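[1] following is a predicted model, sequence given first.
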Amino acid sequence: MGEVTNVTEYQAIAKEKLPKMVYDYYASGAEDQWTLAENQNAFSRILFRPRILIDVSKIDMTTTILGFKISMPIMIAPTAMQKMAHPEGEYATARAASAANTIMTLSSWATSSVEEVASTGPWNSILPALCVQEQKSCGAACEKSRKGRFQGHCTHCGYP
């Protein structure tokens, strides 16, 4: 995988290695898949302007997101059911986020609980994504993040 340079190449590897049902789950979107198509279209419009013959030995990509200083403006979005793809699931993702000094958002449909992921190490950069379908459950969601030693959480409303 050292030669992989884009998302499309990762998709091809995933399709080859994962069971069909697991790959189809990860590769699909909700309902009519409109948001999936819009995200792919938006991503395809991002272009990088190559700069030639400039000094790149001292590039600083650090930034601050929600008060967290991270190494680059890239974070790990909530991804459900990670243990379907790998036995370590969210634990491995949390370790990768920590090693890269960036933020991981733990899905409300994770295959590991907030408490389990918190117990695997000093993951100060994990934000649990807590699905709040009723206003009264918002306080409980905040308390769960606090008890898990997280410095914050990501709340989304609606259906996961």
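    Thanks, I have it. Not measured: the values here are computed from a predicted model.
[2] correct me if wrong: residue 68 contacts residue 105.
    No. Residue 68 is beyond contact range of residue 105, at 11.5 Å (criterion: CB atoms under 8 Å). For the C-beta atoms, the positions are set from N, CA and C on the backbone; glycine is no exception.
[3] okay, these two: which has more neighbours?
    residue 105 (20 against 16; other CB atoms under 10 Å).
[4] how near is that one to residue 37?
    22 Å (CB to CB, to the nearest Å).
[5] checking residue 64 next. Helix, strand or coil?
    On the three-state scheme (DSSP: H, G, I helix; E, B strand; the rest coil), residue 64 is labelled strand.
[6] so it sits against residue 72, correct?
    No. Applying CB under 8 Å, one finds residue 64 not in contact with residue 72, separated by 11.8 Å.
[7] the more surrounded of those two?
    Neighbours per residue (other CB under 10 Å) separate residue 64 from residue 72, with residue 72 holding more: 13 against 9.
[8] that one belongs to a strand?
    No. Read with three-state DSSP, residue 72 is coil and lies in no strand.
[9] for the closest residue to it other than its chain neighbours, which residues are in contact?
    Nearest residue to residue 72, sequence neighbours excluded (CB to CB, 6 or more residues apart in numbering): residue 61, at 4.3 Å. Contact partners of residue 61, counting by CB atoms under 8 Å, 6 or more residues apart in numbering, are 71-73.
[10] repeat the analysis, applying 10 Å as the threshold.
    70-74 (CB atoms under 10 Å, 6 or more residues apart in numbering).
[11] and it, how far from residue 82?
    In terms of CB to CB, residue 61 sits 26 Å off from residue 82.
[12] likewise residue 49?
    As judged by CB to CB, residue 49 and residue 82 stand 34 Å apart.
[13] who's more crowded, those two?
    residue 82 (22 against 4).
[14] can you tell me how far that one is from residue 140?
    Using CB to CB, residue 82 is found at 24 Å from residue 140.
[15] now swap in residue 25 and tell me
    Distance from residue 25 to residue 140, by CB to CB: 28 Å.
[16] from residue 102, how far off is the residue nearest to residue 72?
    10 Å.
[17] so what sits against both of the two?
    70-74.
[18] thinking again about what came up before, wait, is the residue nearest to residue 72 part of a strand?
    No. Read with three-state DSSP, residue 61 is coil and lies in no strand.
[19] list the contacts of the residue of the chain most remote from its centre.
    Distance to the chain centre peaks in the chain at residue 53, reaching 34.1 Å (criterion: CA atoms, centre = their mean). Contacts of residue 53 were listed using CB under 10 Å, 6+ apart, and none were found.
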